[in-house]
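[1] fold the following for me, if possible:
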Amino acid sequence: MEARNFTTAREMLDDGNWLLTTLNGEPRYQKPPLPTWITAVSGAIFGLKNIAALRMPAALMGLLLVLTSYLFAVKLTKDKTYAFLACLVMATSFYVVSASRDGNWDIFTHAFMMVGIWQLYLFFTSEDKKYQRALLAAVFFGFSFMSKGPVSLYALLLPFLISFGIVYRYKNIKKRILPLILFILVALVISGWWHWYTYTYDPETVAAITQKETSNWTGYNVRPFYYYWSFFTQSGVWTLIAFIGLLYPYLKDRVFNKKAYRFTLLWTLLSLVLLSVIPEKKSRYLLPVLIPLALNTGFYIEYLFRRFSEIKDKRETWPVYFNFGLIAFIGVVFPVAGYLFLKDQLAGKWIWFILLSISLFGIGIYIFRNLLRKQIKGVFYATILFIAAIICFGMPLAKTLTVNPGFKSMAELPQWQTETGLEVYEMTYFTPELIWAYGKPIEVLRKEGTVSIPEEDSFAVLVSRDDVELFKRTFKDYDTRLITRYDMNPKGEEDRSHKPRLYRDLYVVNSNR
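    Just a heads-up that it's a prediction; the model follows:
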């Protein structure tokens, strides 16, 4: 997905396709273009080959999500400590970190929508600045829609509105009718103008894409209803803590704000149910559930801050000891276990490994020490540092896990073209990662079941594993010669994760004319 998004941004800059967006030179209207515009601007400023610059907008969206959630949580509970704890959980949840690091557009749509939700909450709970808050909510609602269509409307805003209505009720709604009308009108204009534009100027393509996308909801990546019900595991190190936070009978009389806790719990569960109803499911679609889940988990952590040192019942304490004790254990054993696992791939990465080992070992000892003293504050903040250490020192080690002796990037293909003067074509379909590495669009020969034969007497074709037979049949009357393989898999062919879609065989085709 990141390669798709970055390639579309590059084609905006290279080809000027800012409104009728493209991917490998073909229309790409599946996703609205706001995040792509932002990324393209970042690429124009810092360079398209600067991956950090292209990922920076998503990282800033992650920051926007966390900061807005903090402001929302403060208004919801009037408790800054709770809000701070809940948003630290959010900022260090696995999928929030992942979405904020990679250049996918999910973090954009949900971050913008969270700003809208914050403004709507203020709109429904206070009597001043109604028009201002309705307008701000509409603008960020529109930004969310222009990032990924109705995804966040359905998975984040709708369950919020239902939960708010059940727990807090909509009061004095008559006084809010006109601002609500303003909200709807502005939201419709910002959300819909680009869709109107593409439909007006390329209606046939829009219709075909819409039909395909609609069919995907019921026929692509179909999973059972219960597929998402381990959703709390996507919070990473907070898995067990998040699960306990969902146990309403246990926590309802322990949290400091029962009404707000009931609201975040209902918001989380409704978001989960709404996502579960859609047949098409992917684990990354769970991101909107993790937002109210973090707010919900904050209530349990705040309770532990207040009462853990006093708790005598082992049924309450052992999950805490197990969760954080496991983190501490991983930290303590990492220097030895990590070395045994990575020793053959650490060349040039020793400084990162040493920094990570020292950090995790020290943090692990500190967590054990505070657990024994029942000082849960130190344990919690040390866990935050544990995750930060992995991000800062562990990420540079990631390449030690990607060993493919046959790795050859498509970025080398333009040099080969320069030397031979041959045009290059793709046989049947393009892979976004390969197109991104290549640096520009590659024409696909087979479209809608028909293969177009290039006019040149000599040219080159990239052929995937599944298309070898088709290639041989198509060019049976030509001289063909295998030149090389471009393999961008991080691991070799013997590994189960080696994917055929990430490599192509390059053939030179010569006409017998």
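[2] CA atoms for contacts and neighbours, from now on please.
    Will do.
[3] you'd agree residue 311 is up against residue 318?
    No - assessed by CA atoms under 8 Å, residue 311 is found out of contact with residue 318, at 10.8 Å.
[4] anything in contact with each of those two?
    Common neighbours of residue 311 and residue 318, counting by CA atoms under 8 Å, 6 or more residues apart in numbering, are absent.
[5] mind listing the strands for the chain?
    22-23, 26-27, 424-426, 446-447, 450-451, 458-463, 479-487, 503-510 (DSSP state E).
[6] by contact count, what packs against the longest one?
    Secondary-structure packing of strand 479-487 (3 or more CA pairs under 8 Å, 6 or more residues apart in numbering; DSSP states H and E): strand 503-510.
[7] rerun at 10 Å
    Using 3 or more CA pairs under 10 Å, 6 or more residues apart in numbering; DSSP states H and E, the elements in contact with strand 479-487 are strand 458-463, strand 503-510.
[8] for that strand, which positions count as buried?
    If you call a residue buried by 16 or more other CA atoms under 10 Å, then strand 479-487 has these buried ones: 480, 485-487.
[9] make CSV out of these and add pLDDT and distance to residue 371.
    Output for these, formatted as CSV (pLDDT from 0 to 100; distance: CA to CA, whole Å):
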residue, pLDDT, distance to residue 371
480, 93, 68
485, 94, 54
486, 94, 51
487, 94, 48
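[10] let me know the closest of the residues you listed to residue 141.
    Nearest to residue 141 out of the buried residues of strand 479-487 is residue 487 (CA to CA; 41.5 Å).
[11] give me the pLDDT for the closest residue in space to that closest one that isn't next to it in sequence.
    Closest residue to residue 487 apart from its sequence neighbours, by CA to CA, 6 or more residues apart in numbering: residue 503 at 4.2 Å. pLDDT for residue 503: 92.
[12] residue 452 now?
    For residue 452, the pLDDT comes out at 89.
[13] not counting sequence-adjacent ones, nearest residue to it?
    residue 445 (5.1 Å).
[14] ok, that neighbour - how many residues close by?
    When neighbours are defined as other CA atoms under 10 Å, residue 445 has 17 of them.
[15] and it, how far is that from residue 22?
    Relative to residue 22, residue 445 is positioned 18 Å away (CA to CA, to the nearest Å).
[16] from what I see, residue 48 and residue 40 are in contact.
    Yes - the pair residue 48 / residue 40 is scored as a contact, 8.1 Å apart, by CA atoms under 10 Å.
[17] so for those two, which sits in the more crowded spot?
    With neighbours defined as other CA under 10 Å, residue 48 and residue 40 compare such that residue 40 has more, 27 against 21.
[18] and for the closest residue to the more buried one other than its chain neighbours, the neighbour number?
    Closest residue to residue 40 apart from its sequence neighbours, by CA to CA, 6+ apart: residue 9 at 4.7 Å. Residue 9 has 31 neighbours, counted by other CA under 10 Å.
[19] which helix in the protein has the most residues?
    The longest helix of the chain (DSSP state H) is helix 314-342.
[20] for that one, packing partners?
    In terms of contacts (3+ CA pairs under 10 Å, 6+ apart), helix 314-342 is packed against helix 239-245, helix 287-307, helix 350-372, helix 376-389.
[21] if we can go back for a sec, and the buried residues of strand 479-487 as CSV, adding distance to residue 454?
    Conversion of the buried residues of strand 479-487 to CSV gives the following (distance: CA to CA, whole Å):
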residue, distance to residue 454
480, 14
485, 21
486, 22
487, 25
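[22] would you mind measuring from the residue nearest the centre of the chain to residue 465?
    Geometric centre of the chain, nearest residue: residue 99, 3.0 Å, by CA atoms, centre = their mean. Relative to residue 465, residue 99 is positioned 31 Å away (CA to CA).
[23] report the helix or strand with the lowest average pLDDT across the chain.
    For the chain, using mean pLDDT, DSSP states H and E, the weakest element among its helices and strands is helix 203-219, scoring a mean of 79.
[24] from the chain's centre, how far out does that helix sit?
    23 Å (CA atoms, centre = their mean, to the nearest Å).
[25] quick one on the thing from earlier: which of the buried residues of strand 479-487 sits closest to residue 142?
    residue 487 (40.6 Å).
[26] so the closest one sits against residue 413, correct?
    No - between residue 487 and residue 413 there is no contact under CA under 10 Å: 11.6 Å.
[27] quick revisit: wait, the residue nearest to residue 452 sits on residue 455?
    No - if you go by CA under 10 Å, residue 445 and residue 455 don't touch, sitting 11.7 Å apart.
[28] who's in contact with residue 231?
    Residues near residue 231 by CA atoms under 10 Å, 6 or more residues apart in numbering: 239, 242-243, 272, 283, 286-287, 289-290, 293.
[29] rerun that using 7 Å as the cut-off
    For residue 231, the contact set (CA atoms under 7 Å, 6 or more residues apart in numbering) comprises residue 286.
[30] need the pLDDT of it.
    84.
[31] and for residue 187?
    For residue 187, the pLDDT comes out at 97.
[32] got the contact list for it?
    For residue 187, the contacting residues are 138-139, 141-142, by CA under 7 Å, 6+ apart.
[33] now those as a markdown table including pLDDT, distance to residue 469 and neighbour count?
    Shown next, in a markdown table, are these (pLDDT from 0 to 100; distance: CA to CA, whole Å; neighbours: other CA atoms under 10 Å):
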| residue | pLDDT | distance to residue 469 | neighbour count |
| --- | --- | --- | --- |
| 138 | 97 | 53 | 29 |
| 139 | 98 | 52 | 23 |
| 141 | 97 | 49 | 31 |
| 142 | 97 | 48 | 25 |
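[34] return the member of these nearest to residue 276.
    Nearest to residue 276 among the contacts of residue 187, counting by CA to CA, is residue 141 at 23.1 Å.
[35] mind listing what that closest one touches?
    Contact partners of residue 141, counting by CA under 7 Å, 6+ apart, are 112-113, 116, 187.
[36] in the chain, which ranges drop under the pLDDT threshold?
    The model of the chain has pLDDT under 70 over residues 216-220, 400-402, 513.
[37] right, and the residue nearest to the centre of the chain touches residue 108 too?
    No - using CA atoms under 7 Å as the test, residue 99 is too far from residue 108 to be in contact (9.2 Å).
[38] spell out which residues are contacts of both of those two.
    When contacts are counted by CA under 7 Å, 6+ apart, residue 99 and residue 108 have no shared neighbour.
[39] okay, now the domains of the protein?
    2-223, 311-401, 410-510 (automatic domain parsing).
[40] would JSON lines of the strands of the chain with distance to residue 178 be doable?
    Shown next, in JSON lines, are the strands of the chain (distance: least, CA to CA, whole Å):
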{"stretch": "strand 22-23", "distance to residue 178": "40"}
{"stretch": "strand 26-27", "distance to residue 178": "39"}
{"stretch": "strand 424-426", "distance to residue 178": "55"}
{"stretch": "strand 446-447", "distance to residue 178": "51"}
{"stretch": "strand 450-451", "distance to residue 178": "55"}
{"stretch": "strand 458-463", "distance to residue 178": "59"}
{"stretch": "strand 479-487", "distance to residue 178": "59"}
{"stretch": "strand 503-510", "distance to residue 178": "57"}
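[41] which residues touch residue 4?
    With CA under 7 Å, 6+ apart, residue 4 has these contacts: 23, 432.
[42] residue 373 and residue 418: what is the separation?
    For residue 373, the distance to residue 418 equals 68 Å [CA to CA].
[43] check the gap between the closest residue to residue 170 other than its chain neighbours and residue 180 for me.
    Excluding the flanking residues, the one nearest residue 170 by CA to CA, 6+ apart is residue 124, at 6.8 Å. Remark: distance between residue 124 and residue 180 (CA to CA) = 10 Å.
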